[in-house]
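J.: turn this into a structure:
(4 chains)
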2 protein chains.
Amino acid sequence: MEKRRKVANPLGLAVLAELLTGPMHPYEMGRRLQEHGKDRNIKYNRGSLYMVVEQLRKAGFVTEQETVRDTQRPERTVYAVTAEGRHEVYDWMRELVGKPRHEYPHFGVGLSLLSVLSPAESVELLGRRLAALTEETDDIRATVRTTVEGGVPWVFLVEEEYRLALLDAERHFVTELIEYLKQPDYVQAWQDIFGEKT
Amino acid sequence: MEKRRKVANPLGLAVLAELLTGPMHPYEMGRRLQEHGKDRNIKYNRGSLYMVVEQLRKAGFVTEQETVRDTQRPERTVYAVTAEGRHEVYDWMRELVGKPRHEYPHFGVGLSLLSVLSPAESVELLGRRLAALTEETDDIRATVRTTVEGGVPWVFLVEEEYRLALLDAERHFVTELIEYLKQPDYVQAWQDIFGEKT
DNA sequence: TCTATCATGTAACCAGTTACATGATTTT
DNA sequence: AAAATCATGTAACTGGTTACATGATAGA
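T.: Got it, this is the predicted structure:
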């Protein structure tokens, strides 16, 4: 029986990881996440951030360290990671890296209901998807290139390489699927089964 | 500006799609989803099902058709898809198939924080992941084979082929990543940057 | 100085999950 | 016939998102 994590939101992990480099207040965590583009892999929005920090506090992974008031700006509370928090980061990371989790990609939903669309329409739509995928791939490659040229070590971009690997695989898959759906055999079969209403 | 869907949960789409084949009560929708293994691609649980059906009703995509009481079993309400519901299915499917959406895979989170783990530990963990990925791949292939032998046409399994394509790509990526992390260059660089605290 | 935009946080709302409830059927 | 399991639904809880609020700076 796997004990669930006290805090399940990946944003919580990101926060803990940031805090490993020193105490800070929530807004700054958010700023850094965005600056480093971590929000491409971890869903981020301010509301969730404050919520998650509060969850971490209740769970004992962080403590309120001090409340700074610059006499301007609303009061900002600074948080620091605790020993348990530190432990949680490593434990969580080990799980994330070491064990694959079942995913529910959006496209999977579309595919599992593909038969409601006519072969002709499916082919048309998949063609558009292919174009969009290619465009996205190019964008990512461009970003990676300029970032690396800017001096960022490659390890900090593995996530993007992963994304590229998945995108390439999907493009390949879609290309083949299109060919399959074009076969007269399939078109006929679809007609026979679903062909009544227009 | 994209107008958001009144009902956003993919389970809602699955329900509408089932209802295209005729009116039925929620429990049966659930049963079918599971029978056809759609719950591998669409997150399903009973609570969400009733919630989503209610959302669909409020949105005007389904109507309460009748309330059957067999004098046994709790009262079951039968729902039917409306014209708007029918329209929504197609519109939604077109979006799902035609336009890629940004995904947040779990592994991406792990990768984007990879640097908190030592190269040695990363390599070890990635090795385990690789094994697990291979196992899962084999499982899926086996299931697909027996299902097809059972007479189910191939189109009803595209989702699983997609899953396989992604898994293969991930395995390949992980294999290469392991090699990269083993390079003395990388190990040294990591030591230099993060190496202080054991 | 009026207006727009940034920095920062809170609170209300909505969606999703877990736990509970209850009658029917099957197994021991 | 007692216990276990299935069929079916509801309700309470928790998490996440959106919308709102407010002071500060900067641009017109």
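
J.: run the contact check for the helix or strand hosting residue A:30 versus DNA strand C.
T.: Residue A:30 belongs to helix A:26-35 when elements are defined using DSSP states H and E. Yes: among the residues of helix A:26-35, A:26, A:27, A:28, A:31 lie within reach of DNA strand C under Cβ under 7 Å from any atom of the strand. To be clear about C-beta, it is placed using only N, CA and C from the backbone, and glycine gets the same treatment.

J.: following element in sequence after that helix, please.
T.: Moving toward the C-terminus from helix A:26-35, the next element (DSSP H and E) is helix A:46-59.

J.: does DNA strand D have contacts with the helix or strand just after that next one?
T.: Per DSSP H and E, helix A:46-59 leads on to strand A:62-68 as the next helix or strand towards the C-terminus. No: using Cβ under 7 Å from any atom of the strand, no contact is recorded between strand A:62-68 and DNA strand D, whose separation bottoms out at 14.0 Å.

J.: in the helix holding residue A:30, what counts as buried?
T.: For helix A:26-35, the buried set under the neighbour-count rule, 16 or more other Cβ atoms under 10 Å in any protein chain shown, comprises A:26, A:29, A:30, A:33.

J.: wait, does that helix make contact with DNA strand D?
T.: No: contact between helix A:26-35 and DNA strand D, assessed by Cβ under 7 Å from any atom of the strand, is absent, since the two come no nearer than 11.2 Å.

J.: do whichever strand or helix holds residue A:133 and chain B come into contact?
T.: Assigning secondary structure by DSSP H and E places residue A:133 in helix A:119-149. Yes: on the criterion Cβ under 8 Å from any Cβ of the partner chain, helix A:119-149 is in touch with chain B at A:121, A:122, A:125, A:126, A:128, A:129, A:132, A:133, A:136.

J.: the third one and residue A:178, how far apart?
T.: Note on residue A:125: its distance to residue A:178, by Cβ to Cβ, to the nearest Å, is 10 Å.

J.: ok, residue A:42 - how many residues close by?
T.: The tally of other residues near residue A:42 (other Cβ atoms under 10 Å in any protein chain shown) stands at 21.

J.: do the same with residue A:190
T.: The burial count assigned to residue A:190 is 19, neighbours taken as other Cβ under 10 Å.

J.: list the contacts of the residue nearest to it when sequence neighbours are not counted.
T.: For residue A:190, the nearest residue in space outside its immediate sequence neighbours is residue A:119; the separation is 5.3 Å by Cβ to Cβ, 6 or more residues apart in numbering or on different chains. Residues in contact with residue A:119 (Cβ atoms under 8 Å, 6 or more residues apart in numbering or on different chains) are A:181, A:182, A:186, A:187, A:190.

J.: name the nearest of these relative to residue A:8.
T.: Nearest to residue A:8 among the contacts of residue A:119, counting by Cβ to Cβ, is residue A:181 at 38.7 Å.

J.: any idea of the angle the helix or strand where residue A:168 lies forms with helix B:158-182?
T.: Using DSSP H and E, residue A:168 sits within helix A:158-182. Taking axes from the mean of the first three to the mean of the last three Cα atoms, to 10 degrees, one finds that helix A:158-182 is oriented at 150 degrees with respect to helix B:158-182.

J.: hmm, helix A:158-182 touching chain B?
T.: Yes: Helix A:158-182 is in contact with chain B by Cβ under 8 Å from any Cβ, via A:158-159, A:161-163, A:165-166, A:168-170, A:172-173, A:177.

J.: mind putting these into a markdown table with neighbour count?
T.: Shown next, in a markdown table, are the residues of helix A:158-182 next to chain B (neighbours: other Cβ atoms under 10 Å in any protein chain shown):
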| residue | neighbour count |
| --- | --- |
| A:158 | 19 |
| A:159 | 22 |
| A:161 | 18 |
| A:162 | 22 |
| A:163 | 23 |
| A:165 | 20 |
| A:166 | 20 |
| A:168 | 16 |
| A:169 | 20 |
| A:170 | 21 |
| A:172 | 13 |
| A:173 | 22 |
| A:177 | 22 |
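
J.: next, format those residues as CSV and append pLDDT.
T.: Listed next are those as CSV, based on pLDDT from 0 to 100:
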residue, pLDDT
A:158, 96
A:159, 97
A:161, 97
A:162, 98
A:163, 98
A:165, 98
A:166, 98
A:168, 98
A:169, 98
A:170, 98
A:172, 98
A:173, 98
A:177, 98
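
J.: nearest to residue A:51, out of the residues you listed: which one, please.
T.: For residue A:51, the closest of the residues of helix A:158-182 next to chain B turns out to be residue A:159, at 24.0 Å, with distances computed as Cβ to Cβ.

J.: residues near the closest residue to residue A:19 other than its chain neighbours, how many?
T.: In space, and not counting its chain neighbours, residue A:19 is closest to residue A:81: 4.0 Å by Cβ to Cβ, 6+ apart. Counted with other Cβ under 10 Å, residues neighbouring residue A:81 total 23.

J.: what's near enough to touch residue A:81?
T.: A:16, A:19, A:20, A:23, A:61, A:62, A:89.

J.: mind running it again at 6 Å?
T.: For residue A:81, the contacting residues are A:16, A:19, A:62, taking Cβ atoms under 6 Å, 6 or more residues apart in numbering or on different chains as the criterion.

J.: got these as CSV, with distance to residue A:77, neighbour count and pLDDT columns?
T.: Shown next, in CSV, are those (distance: Cβ to Cβ, whole Å; neighbours: other Cβ atoms under 10 Å in any protein chain shown; pLDDT from 0 to 100):
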residue, distance to residue A:77, neighbour count, pLDDT
A:16, 16, 27, 97
A:19, 13, 22, 96
A:62, 10, 23, 96
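
J.: tabulate those residues (a markdown table), appending distance to residue A:97.
T.: Rendered in a markdown table, the data for the contacts of residue A:81 read as follows (distance: Cβ to Cβ, whole Å):
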| residue | distance to residue A:97 |
| --- | --- |
| A:16 | 15 |
| A:19 | 20 |
| A:62 | 23 |
